[in-house]
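A.B. asks: Sequence and predicted structure, then a few things I'm wondering about:
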Amino acid sequence: MIKHRETKTLNEFRSCDRHYDLFICSASFEDRCLAVASSIDLRMIETAVVCRYSGYAELSEDNNTKLLETLAEKAKGISFDKDAPLSIYDTLYDAISECQPKSVIIDISTFTRETILIILMLFKQEAFKDIEVTLCYVPADRYSDCNGENNTNDIWLSKGVNAIRTILGYAGSYTSLKKTLLIVLVGFEKERAEFLINSFEADKLYLGCVPPKESHNEELSRINKANFDRLVSLVGECNVFEFSCRYLQQTHDSLREIIEANKEDYNIIISPMNNKLSTLAVANVAFEYPDVQVCYASTNQYNTEAYSSPADKVILFDFNNR
Amino acid sequence: MEIKSNNPFEIKTPETNSAEDILELFVDVFPDFWQVKETGHTFLNGPRGSGKSMMFRYMMPDCQMLKTGSKACDLDYFAVYVGIKQTNINNTDLERLSNHATLIINEHLLSTFVIANVLGSIRQTFNDDLNDYTEEIRRFYRDTFVEVVVQSGYEGGIEKDCDGCEGNNLFLRMINVVESMEKECKKYCNRLALNRDLATPYTGALTDFVDFVSPIITGLKQISLFPQGKPFYILIDDAGYLNLAQTKVLNTWVSYRSTKDICLKISAQLDYKTHLTANDKRIEAPHDYSEINISTVYSSKTSDYNDRIKEIVRKRLEKYLNLKIEPEMFFPQDEEQEAAINAIAKKLAEDNYDPERPYASGDAARRYARPDFIKDLQKNHKSGATYSYAGFDQLVAISSGIIRYFLAPAQEMFSVMVAKNPNTEIREITPGVQDEVIKRYSDNFLQGQFDVIRKDQGVKNFTLEKADKLYNLVDSLGELFHVILVSNASERRVFSVALTDSPDEELYEILDKCEHYGYIHKRTIGNKEGTGRNRMYVLSRVLSPHFKLDPMSFAGYKFMDSATLKIALTSKKKFLQAMSKGIAQDTPAQPTLFDNPDFESND
Amino acid sequence: MTLEDYFYSFEDKLDYFPGRHNYVSAYKTFKDFMDREVHKETKAMTLVIDEGDIYLNDHSADHIRMVIEKVSRILWHEDEQILDLNPLECFILLSAIQIHDAGHVIGGREHHEYNAKEFLKRYDSYVVGSPEKKIIYEVARAHSGKDDPIGKLPQSEDISNFRVRMRLLAALLRLGDEMADEASRASAFLFEQNKIVKGSRLFHAFSMSLNSFLPHVDTQEIGMRFNLNKSRCSEVFKKPTKDGGEVDTYLLDEIYERTFKTFRECLYYNRFVSDKLRFNSVSVTIEFYDDDNFIPFFDTIGYRLQEKGYPRLKEENVYALCGKDLEKDGAKLDGEFVKNNMRADGNQEQ
């Protein structure tokens, strides 16, 4: 299970004296990927693995270089295709095996949601389940489009769906005796959610939205609400529930309630489409209910010109992977 | 909180509809797709929303019994539904099998999946009526089912005694056994995926078509509940979701030609992965199966598609709104716009009158009236007026032969009308709302999936992603056709390009992707020299509002070589520059032999 | 060196097997079980007259050994190892050979290959998993039948990254089984004592006359040598027919028919193997002499079965070859038919 440990500012994080054998992070086109690595005291870590998605190598080149420079001789770079989950799993598996760490800290801020879930499943395997795992996350503070304007009505982060697949290790269980229930934790990407919903043609649909008090900031909350309302008008019949972008347990509880009410009659599929924190809650639910399937809609395009500013905070989680 | 809908155009999955609803709503399309009901294996291809699942639902025994008033045993075939959803049989864990027993394990998964669904489909159709056939079902269970399960190596324990079990419960027991066999294998695949050790032995049951699926179906057929001497039709819906190994296995089943007992009716959304079998042979039409491509049928000149949509809309209006009116009245056109276009048409007819060529005036009116109107609007863009896509005929044309592309925007139009007119009976969708929604739908059709990221692509030196190139291609073609529409070319109703040579691998791949997303569809036409056929790519009419094109009548196509088209992948500006000469000189656009407004291509 | 000897040489080389499991040891245990418990029963069962009047030839451990020997001869090239097969494939093939006829113990001649699954359960599942067992079974099953059983198999399947070429193995088994039909298979004593029921005498006479049945890999030819004594030459045998009757047949005529079948099996086998493993002809020599004085009482007959000239098919034309593909409503889909049956609405054509 993943549990919230504490939230620190980046400065506070810098002066933290906890030691880790291995630091894992992702080089992204988003500058948010630099926040933790820049704040980390190199004496805190033995080795570092900087991951990169090969399809975006060019766009993430600058940040990749910065990360490798920042982490200096401790760092090793690996890359994988964001649409090859087996390759992601195997590459990480090998990298971690090579280091043989006893403790790991992972900056999940700019990994894809799929990769995060794969990493969590990896650390539950026999070879790694004794490793102490810490997750850290830097939320986005605000988004702007490529003109530097804050025209949030036109903000988009990703476009389209190129494939829908189960996340490696989270196939769940299916029986023809039950109908299908789809739960979507809706975020910015309304079209992606709509495509996913239309593709599954579930017998029952739950759409999750984030009330303002559960969002990181008001602006993001407004965008989410507008997207959500539009999505509801497009999909027709559905059930609506609330979840949190800030607190793991709240999302976990909301999902648990839905699952308990429906698991006898439905094959349940969850698609996390909001922030990484809510994705962690989905992981918790999947570990608690292994029959539940978690799926992912891989995107066609990321808006690499729109940038996100990192919030001045790092949220730390303990992952009990035994 | 549950949100319910009373929208007459709501798209519900056919599986969720009762037989009564289906019969009320179904418009008989089988004259267009007669092969589906004939004995033999059939592939039914078409984009999502083109009516495949509805056809399958209609073929199910509950609908057929209701329609014909007969019993199941009197039907011409007995259909069982096997719906492949995105992730119910294919999942990421299976990728680990690529170097380990992939065909064997995937065939087992497919066999158990199909049989579980066949048994489930029968149970769902007949429920407790199965108890009337308990003795026969028991005999089938003892003599066939138990035998094949044991032979498969199942060691989960199967209870051979069934004397105390009624027919319905016996079916439930069989489903549980089969699913247990499937689950055991999936658990193994999950373990293998995560521990990476391909030497992990699999000790569970393994099933296949020859020793499992076929004997079970053949045995089931003997039960007098089912039509004797007639085949089972296994309706496999959305087979494009199968992985490559599962697809090859399914093709191998098609190659067995078991059609006396089992006919496979397989639907896919143009995403079927291969026609190779597990033994690397290719299944071919027509000797192994018959094939239908819905888009091709519905986009040809003598299509009944327009009539089908009318009938669908009539039925829905009557069922959900109690309205008995013609669809044209529910979706009225913009009368002011049509009057203006008619005025232009009249003037064109007068100006082009030639007593020696009596068709010339009508021809000119048809060809140029609407384009001229659009051109005038563009000239006067400051007035804010834009071309309206309202009107039933325009909406049907925009839907490009795919029923969903009519219903989905119609659903939204209705929602908007309800929101604007609460507590009012909706008797029409106003032209303004139609226009607003269809334009948004058209924009979203492209930009919901792709968009331009880099505003000025000449500035930075980087490699464009495939998604960017795809967007550029579609955007360039749309823009090209719009430029032609508002030009002085003799044929302005151009909606497709014909390549004079073969595209290279990159262009081919992106054109393929475009077809996958529904932005284009592929055809062939005879070349100018009369020496063969060229590939033609037709832009989807769904994009007409987005690119400000006339969806009603287009017949022309532009010939170009693939090198020219390839420019469009990286630069719309350069592509249009390369094409501009041809447009200005009024030459390359090809008139058709049959200048029929409904005629799309020169096939 | 036989295929078995070659396979045994990998006993300590576990890297050649999936999971580094000891497949050699597993096979030895299985073989021992089959020899002790099954093959001797196969012989005993085939002695039991429960198949009507048929008394089958030897399907026992001797026959298994003979099949292995024949397959080894096909694969063995001087100074080279057993051609082409990896150790896992050797395991699969040897296991398939062990079980290919063993179903007689349970099911008799009819569908005997389908009953062989039971024996594979003897393999330790931890070493030999279900996929390997299925492959063994499918390879064994394809050793008989005329509905192109080998063609229906996948070309190959991987087991833990080790390739198994199923069609190749099935073809080797099938041809090896075809060739394992020599004198030792027949029950000579019972034959001479007239203890073989009349419906089976011809099959035993055939086997007894077949002195040598060998693949010559250097010339890519299969050689069959027969010797007929006066008594067998003159006897009119009763050959059972498919409709349950019987027809009078001379041994020589049976030899012609069976050698032709061997040639056909050869052509079928050739489809699934590489060029160097193919056999392009069957050479037949039939000698006529008695066992006691070896003086020929008739001139030796010799002939070679090979494809020659322009390929000829039994079917005379495309309609005969393609059958139902070119038929509709009982009529041929020829030009006349299409002309008379064109639909008014061309749109309904595909």
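C.D. replies: In hand now; what should we look at? Since the model is a prediction, treat every value here as computed from it, not as a measurement.

A.B. asks: Next up, the contacts around B:Cys165.
C.D. replies: With contact taken as CB atoms under 8 Å, 6 or more residues apart in numbering or on different chains, B:Cys165 is in contact with B:134, B:138, B:173. For every residue, glycine as well, the C-beta is placed using N, CA and C.

A.B. asks: For C:Lys324, the count of nearby residues, please.
C.D. replies: Each residue near C:Lys324 was counted by other CB atoms under 10 Å in any protein chain shown, and the total is 8.

A.B. asks: Oops, could you answer that again for A:Arg43 instead?
C.D. replies: Using other CB under 10 Å: A:Arg43 sits among 8 other residues.

A.B. asks: Regarding B:Gly157, what is its secondary structure?
C.D. replies: Judged by DSSP: H, G, I helix; E, B strand; the rest coil, the three-state class of B:Gly157 is coil.

A.B. asks: Backbone dihedrals for it, please?
C.D. replies: Backbone torsions for B:Gly157, taken as degrees, to the nearest 10, come to phi 90, psi 110.

A.B. asks: And the chain, split by domain according to the record?
C.D. replies: Just so you know, I chose chain A. If you go by automatic domain parsing, the domain ranges for chain A are A:2-142+A:307-319, A:157-302.

A.B. asks: could you do chain C instead?
C.D. replies: C:1-180, C:182-312, C:318-348.

A.B. asks: what does chain B give?
C.D. replies: Taken from automatic domain parsing, chain B resolves into B:29-298, B:466-584.

A.B. asks: With mean pLDDT as added columns, please give these in CSV.
C.D. replies: Below are these laid out as CSV (pLDDT from 0 to 100):
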stretch, mean pLDDT
domain B:29-298, 92
domain B:466-584, 84
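
A.B. asks: Residue 37: how many residues sit nearby?
C.D. replies: I'll assume chain A. A:Ala37: 23 neighbours (other CB under 10 Å).

A.B. asks: that's the wrong chain, I meant chain B
C.D. replies: Other residues lying near B:Lys37 total 17 when counted by other CB under 10 Å.

A.B. asks: give me every residue that touches it.
C.D. replies: So B:Lys37 contacts B:30, B:59, B:76-77 (CB under 8 Å, 6+ apart).

A.B. asks: need the domains of chain C in a markdown table with distance to B:Leu507 and mean pLDDT, can you?
C.D. replies: Shown next, in a markdown table, are these (distance: least, CB to CB, whole Å; pLDDT from 0 to 100):
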| stretch | distance to B:Leu507 | mean pLDDT |
| --- | --- | --- |
| domain C:1-180 | 33 | 83 |
| domain C:182-312 | 39 | 84 |
| domain C:318-348 | 31 | 74 |
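
A.B. asks: what's stretch C:298-318 in contact with?
C.D. replies: Under CB under 8 Å, 6+ apart, the answer for stretch C:298-318 is C:221, C:233, C:252, C:259-260, C:262-263, C:267, C:280-288, C:321, C:326.

A.B. asks: now the strands for chain B?
C.D. replies: B:2-3, B:42-45, B:78-83, B:232-237, B:262-268, B:290-293, B:494-499, B:520-526, B:533-539, B:556-560 (DSSP state E).

A.B. asks: Of all the domains of chain A, which one comes closest to chain B?
C.D. replies: Chain B lies closest, by CB to the nearest CB, to one member of the domains of chain A: domain A:157-302, at 3.2 Å.

A.B. asks: okay, how far is it across that closest one, tip to tip?
C.D. replies: By CA to CA, to the nearest Å, the extent of domain A:157-302 from end to end equals 6 Å.

A.B. asks: could you give me the average pLDDT of that domain?
C.D. replies: Averaging pLDDT along domain A:157-302 gives 89.

A.B. asks: Grab the most central residue of chain C for me.
C.D. replies: Nearest to the geometric centre of chain C sits C:Arg174, at 3.1 Å (CA atoms, centre = their mean).

A.B. asks: Nearest to chain A, out of the contacts of B:Lys37: which one, please.
C.D. replies: B:Met59 (18.3 Å).

A.B. asks: so how far is the strand or helix carrying C:Phe226 from its chain's centroid?
C.D. replies: Using DSSP states H and E, C:Phe226 sits within strand C:221-228. Remark: strand C:221-228 is offset 17 Å from the chain centroid, using CA atoms, centre = their mean, to the nearest Å.

A.B. asks: Surely B:Lys273 is in contact with B:Gly240?
C.D. replies: Yes. Counting by CB atoms under 8 Å, B:Lys273 touches B:Gly240, with 7.2 Å between them.

A.B. asks: can you list residues touching both of those two?
C.D. replies: Between them, B:Lys273 and B:Gly240 share no contacting residue, judged by CB under 8 Å, 6+ apart.

A.B. asks: So what's the residue count around the one residue in the stretch 401-550 of chain B that gets nearest to chain C?
C.D. replies: Relative to chain C, the nearest point of the stretch 401-550 of chain B is B:Gly401 (13.0 Å; CB to the nearest CB). By other CB under 10 Å, 27 other residues sit near B:Gly401.

A.B. asks: Run a quick check on it versus B:Tyr305, I expect a contact.
C.D. replies: Yes. If you go by CB under 8 Å, B:Gly401 and B:Tyr305 touch, sitting 5.3 Å apart.

A.B. asks: for the biggest helix by length in chain B, which positions count as buried?
C.D. replies: Using DSSP state H to define each element, chain B has its longest helix at helix B:167-195. Neighbour counts over helix B:167-195 (16 or more other CB atoms under 10 Å in any protein chain shown) mark B:167-186, B:188-194 as buried.

A.B. asks: Kindly report the same for stretch B:26-44.
C.D. replies: Buried residues in stretch B:26-44 (16+ other CB under 10 Å): B:26-27, B:29, B:32-33, B:35-37, B:40-44.

A.B. asks: Which two of these have the greatest separation?
C.D. replies: Maximum pairwise distance among the buried residues of stretch B:26-44 (CB to CB): 25.3 Å, between B:Val27 and B:His41.

A.B. asks: ok, which stretches of chain C are strands?
C.D. replies: C:157-159, C:162-164, C:210-216, C:221-228, C:237-240, C:246-249, C:281-289, C:296-306, C:327-328, C:331-332.

A.B. asks: Okay, the residue of the stretch 401-550 of chain B closest to chain C and A:Tyr247: tell me how far apart.
C.D. replies: 49 Å (CB to CB, to the nearest Å).

A.B. asks: what do you get for C:Asn293?
C.D. replies: C:Asn293 sits 105 Å away from A:Tyr247, going by CB to CB.

A.B. asks: Could you do A:Cys136 as well?
C.D. replies: 17 Å.

A.B. asks: ok, now B:Tyr441?
C.D. replies: 38 Å.
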